Every structure is written in structure tokens, then in C-alpha cells.
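Colleague: A predicted structure for the sequence below; I have some questions about it.
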Amino acid sequence: MPPDRFFIYLATAFFCGGFAFAFLALRTGRYRPSWWNLLVMGLGFACQCVFLALRGKQVQQCPATNQFEVLIFVAWAMMVLYFLIGTSYRWSLLGMFTAPLVFLLHMMALFSPDPVVAHPVAGDYWNELHKSVSLLSYGAFALSCVAGVMFLVQDRQLRKHQLRSLFYHLPPIHFLQKVMRRLNVFGFVLLSVGIVSAWRMTKVNPGHSLMPVYLIWALYAVLIGYEFTRGMSARRSALASVAAFVMPLITLWIFAH
Amino acid sequence: MPVVCLGLSYKTAPVEIRERVAFGSKHLGEVAKQISTLAGIQEAVVVSTCNRMEIYAGLDASALEDPAGAVANIESWLRGHFSIEGAVSAETFFHHAREAAVRHLFAVASGLDSMVLGETEIFGQVKDAYQLAHAEGATARTLNKLFQEAFRVGKMVRNNTDIQRGATSVGSVAVELAEKLFGNLDACHVLLLGAGEISRRTAQSLQSRGAKSIIVSNRSHDRALEMAAEMGGRAITFDDWQREIPNVDILISSTAAPHTVVHPDDLEPALRKRRGGRPLFLIDIAVPRDIDPAVAELDNVYLFDIDALESIAQSARERRMRELERCQIIIDEQVRDSAIFRPQHPNAMATSALQPAPAPPAGS
């Protein structure tokens, strides 16, 4: 097994383990936020970083040259944002909600083709910027989707007046509302930068189409525009954030197929 | 050196006696110092709250064989100090010696012996009592060690069990839910519809947690003015409450109206004007209910009536009772492992000679 792939197997195991542990602890009502949860997520993230570094050296560019790498890059972007946002908001459970989506992306990646071909793009920094920033935006949309799920879970418990163990570990519903909005805007800005940098690329890969990216950009533009101009209830905003992420997820799957 | 504990609590004494046999918090240190000079006693800590007055004493070598004599000295001193000879029966006071005293202190510090099972205020009260005694020089190695262990055990119980999770009264459930909705209450505006006692107390709890402003609206405007003045809030006439909805985050309703007073039609236009899509938390503690249940269908609106709040409080109380057994296991382990009983401790107790102590009674 190539060493870079080994680290992805290892990261997948960490995310799966972290999720399973938190899920079982919540099911039995014994969940305690602890450094162990964070450590497991941190180890998974470290493995992702090692993979990206090794793979970057091999392909001599931003490691997003095939479907496998793209999916791992998005999962990594989610983790970067998780550590940035999760720690500032003290979201002990964000990891528990993030882990399954990261795990899913890893599983999708592991079943994807992974031809490793070096394509040096010396001098074409726009290409590098386009790929990295666009995929980071996917990470922001993914995390917004996670926050949306957390919101909907909490909203349901509050409406039914059934406050289970999970409820006490979730962040305040109004914070989730704000974070969803910020992540959507942040992702949208990154994606816009990604699109502009694609226009400046000197070399375009054969078969490379920006159409899916334009569609995603338009979808989030409508969502954000509607929310800022007409106003949207938090519940609808959460549903929209969850539903909207299906689109990037589909394009990720279609990519390179 | 054995440790003994003598005291009374809400379990053994009615409030008429508890209010007579109590020390002011400022005097706990000097009282502990006085008790530590009694025959057979070398050190002491006095805990005195509205629900209990307890004295923990470390005995000197002369009392090692007869801790009961030292306990009798303390009781006698208390009776003299409070002039309650003949007025308070012997059964009013409970006493524990050695392992049972340690177990009792651990249970008290963990909130297991409190009226509201798992409450955390007692932890701070025990800590203050110890610090005051320590500052007066009324404690020495045994009680220093014992109380440090008690604080560690109290934290351990709280961190490793659900004994303190969930609010257990209607008012505290409302406050907890508000914090879950808004994070912190610094930017929250509260509107009281009606001037009932429970709504006043709930509003005060919200205020103590940082609620930004209180608005009172009541059919009797004089009563609204009175309550608003009491809470440092603002009074409005009953006809004007709907105008405040766009700026209000929490509405507590407790009018005596025989019919509902808040309807979806009252809220829908106002909800559209609300800043940043903030949620609106409605607390209906009136019977008959003030708020039409159909309001709960509105987006961003969370409605809790008195039954919903009471049901959440009841679930929390039941959950705490279920956790009691886990807490007892932790305390049993900690009593067994206590440094107080280790032979190398200069003041170690002869644990082999001790009778197994009964577990403290279940909290109430």
C-alpha cells in the first residue's frame, strides 16, 4: 500500500472511531465533552495533512488532481474550519456531527479512482488558487450543512418539548443560526474567488468545465440574497443549508467520472 | 485522629429550629475556633446554611477512644450557645464518626444531601466555611486533608455523573431554556404579561443571568408600575404589549384572563420585523393558558406552557435520582481510598476497628 493512502485509511479509522464513540455515549446518555474527542479528531486531521503533503510532492501541485484527492481535500477543508470555528464556539459536539460527514467523504474517496500522475503547473498560480479556494468553499458549505443538522435536531426537541441527552450538549440555537449564515457567506466569497481565479488560469485541463461551479455559486447566491433581502426563518435557513450542500456533494461525485 | 460530625439539617429539624440554630456566615471562622478549644477537640469547621448547620471536628488523642464524649461536648456547647436546652430534642441532631463522617461530608459537598438533589451552591458554601475556619487557625492536618478531598470528590461526582444536569424547577427550566436558545442573555429583552409571583421570580432569574431589560404589562397599570420599579424595568399599558414584540426575546405570560390573550395573529406581523431572525421564547405559566397553542407552529417561536416546563423539571429530577447510585459508588470508592485512612498519615484512623458505615440517605 502506498504510504500516502495508508494515512487516509488511518484518518478514516479515527473519524469512524470518534463518531462511533460519541454516538454510543450519547445513546447511553453518558456523553461527556472531553479532550479525547478532540484528540481523535486531531489525529485524523494530522493524518489528512500528512497525506496531502506526500501527495502534493508526488503530483507537484495542489493535491486535487483526481476524485480521490478532491474528496480528501474537501474533508480536510471541513476539518480546518471545524478547528477554527469549533474551538472558538466551544462546540464540543460539532466533532460528533462533523465526523460522519468527513467519514462519508473518506469512504467515497476510497472507492474512487486514484491515478497518480505528476502535472507540474509551474508558474500557474491561478490554477492552484482556483482549486484550493474552491474546495475550501465546499468545506465551508459542508460545515454549514452540519450546523444546519444540529439546528434541526435541537429545533425538533424544543418543539416537541422532549429534551434528550443530546440537547444539553448542543450549542445555543441562535449561535447555530448565526454560524450557518456566516459559513454560507464565507463559502460563497471563497467560491467567487475560485471562479475569478479560474478565469485567469493560463492552462485549462482538458474536460475541465466550470458549469457545476457556476450552478453552486448561483444556488448559494440565491440562498444568501433571499436571506438578506427577504429574511428567512432560522428553520428554513437550516433546511436550505442542508439541502443546498447536496449540490456540491453531487458535483464532487460527478467530478472525474 | 477520628473525625466526627454533628449537626442538624432539613431532614431532622423544621425551619423553626434551623433558624434558631444557625451561625451568620461572617462568624463561621470564630465559631470554629471556639469549638476547637472544647475538650477532646483539636480542630473544627462549621458549615451553616439555610438547610443545615454542621460541625466537623478533628479529635485529639484524649478523645480517640471515646469520640461520643467529644460529640456530647459539642452538642452541649451548642445548646448553651443558642439557649435551646429543653427546647430541642436529642433526635434533632445527627452525628457521624470516623468513616461515616467522611462519607457524609463527601455527600454534602457533592450536593447529594441537599434538598434539591445535585445542587451546586452547597459546594461553595462548604468551601467558604472551610476557608473561614482555616483563616482563623481552627483547622489542622486532618481537616485540611479531609476538606481538600471533599472538594476533589465533589468535583469528581459532578464531572462524572449527570447529578447536576437539567433544571429542576419551573423557573430554572425557563432560564435554562432561554440560555439554550440565546447563548447568553446579555442582549435579551424580557416582556412580562401579567404580574404574577412566578413570572416575577422567573424574570428576576433571567435578570440575574444578564437579561438586558424587563418590560411589565398588566391590566392594572399601577401593579405593572410597581413591579417594573421593583425590577428596574419599564411598565407599559396592557394595550401596548404587541408593539414591543419585535424587540422582545422572551415573553413570560401569567395573566388571570379566562381566555387566551396571545394569538398567532398578534405575533405574525411582529415576527417579520424582528432583528436578525432571532428566536422568540414564549413562557406561558398561566392556568388557564394565556397563549394559544397554535402560536407554537410559527417559525422561530418556541412555546412552553406550565405543563411542559414542569415535565422537563420532573424529568431532570428523575434523572438525578437515577444518577444517585453512580454518585454513591464514586463516594464509596473515594472514602475507601481516602488519605485520611492511610496508615502512613500521621493522623491515620484505625480503619480496621471501624464498623461499616451506612450510606447517607438518598437526597430529596
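Modeller: Perfect, I can see it now.
Colleague: Pull out the buried residues from the longest helix anywhere in chain A.
Modeller: If you go by DSSP state H, chain A has its longest helix at helix A:125-160. Across helix A:125-160, burial judged by 16 or more other CB atoms under 10 Å in any protein chain shown covers A:126-127, A:129-155, A:157-158. No exception for glycine: its C-beta is placed from N, CA and C like everyone else's.
Colleague: From those residues, list the ones also adjacent to chain B.
Modeller: Counting by CB under 8 Å from any CB of the partner chain, A:154, A:158 from the buried residues of helix A:125-160 sit close to chain B.
Colleague: Does chain A have contacts with stretch B:249-268?
Modeller: No: Stretch B:249-268 is not in contact with chain A by CB under 8 Å from any CB; minimum separation 9.1 Å.
Colleague: Can you show me the helices along the stretch 251-364 of chain B?
Modeller: B:264-272, B:306-337 (DSSP state H, counting those that start in this stretch).
Colleague: hmm, the last one in reach of chain A?
Modeller: Yes: in terms of CB under 8 Å from any CB, part of helix B:306-337 sits within range of chain A, namely B:308, B:311-312, B:315.
Colleague: Which of the residues you listed has the largest number of neighbours?
Modeller: Counting neighbours by other CB atoms under 10 Å in any protein chain shown, the top entry in those is B:Ile312, with 24 neighbours.
Colleague: Isn't B:Gly194 up against B:Asn218?
Modeller: Yes: between B:Gly194 and B:Asn218 there is a contact at 5.9 Å, judged by CB atoms under 8 Å.
Colleague: which of the helices of the stretch 251-364 of chain B sits most buried?
Modeller: The highest mean neighbour count among these, using mean count of other CB atoms under 10 Å in any protein chain shown, belongs to helix B:306-337: a mean of 17.
Colleague: Check the residue in the stretch 51-200 of chain A positioned nearest to chain B and give its pLDDT.
Modeller: Closest to chain B within the stretch 51-200 of chain A is A:Pro172: 3.7 Å, counting by CB to the nearest CB. Note on A:Pro172: pLDDT of 85.
Colleague: and it, what does it touch?
Modeller: A:Pro172 sits next to B:179-183 when contact means CB atoms under 8 Å, 6 or more residues apart in numbering or on different chains.
Colleague: just B:Gln164 next, same as before
Modeller: B:Gln164 sits next to B:111, B:118-120, B:158, B:320 when contact means CB under 8 Å, 6+ apart.
Colleague: Can you flag the buried ones in those?
Modeller: Among those, the ones that count as buried by 16+ other CB under 10 Å are B:111, B:118-119, B:158, B:320.
Colleague: Including pLDDT, could those residues go into JSON lines?
Modeller: Putting those into JSON lines (pLDDT from 0 to 100) gives the following:
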{"residue": "B:Gly111", "pLDDT": "95"}
{"residue": "B:Gly118", "pLDDT": "92"}
{"residue": "B:Glu119", "pLDDT": "90"}
{"residue": "B:Arg158", "pLDDT": "92"}
{"residue": "B:Arg320", "pLDDT": "92"}
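Colleague: Pick the one among these closest to chain A.
Modeller: Using CB to the nearest CB, B:Arg158 is the member of these that sits closest to chain A, with 11.2 Å.
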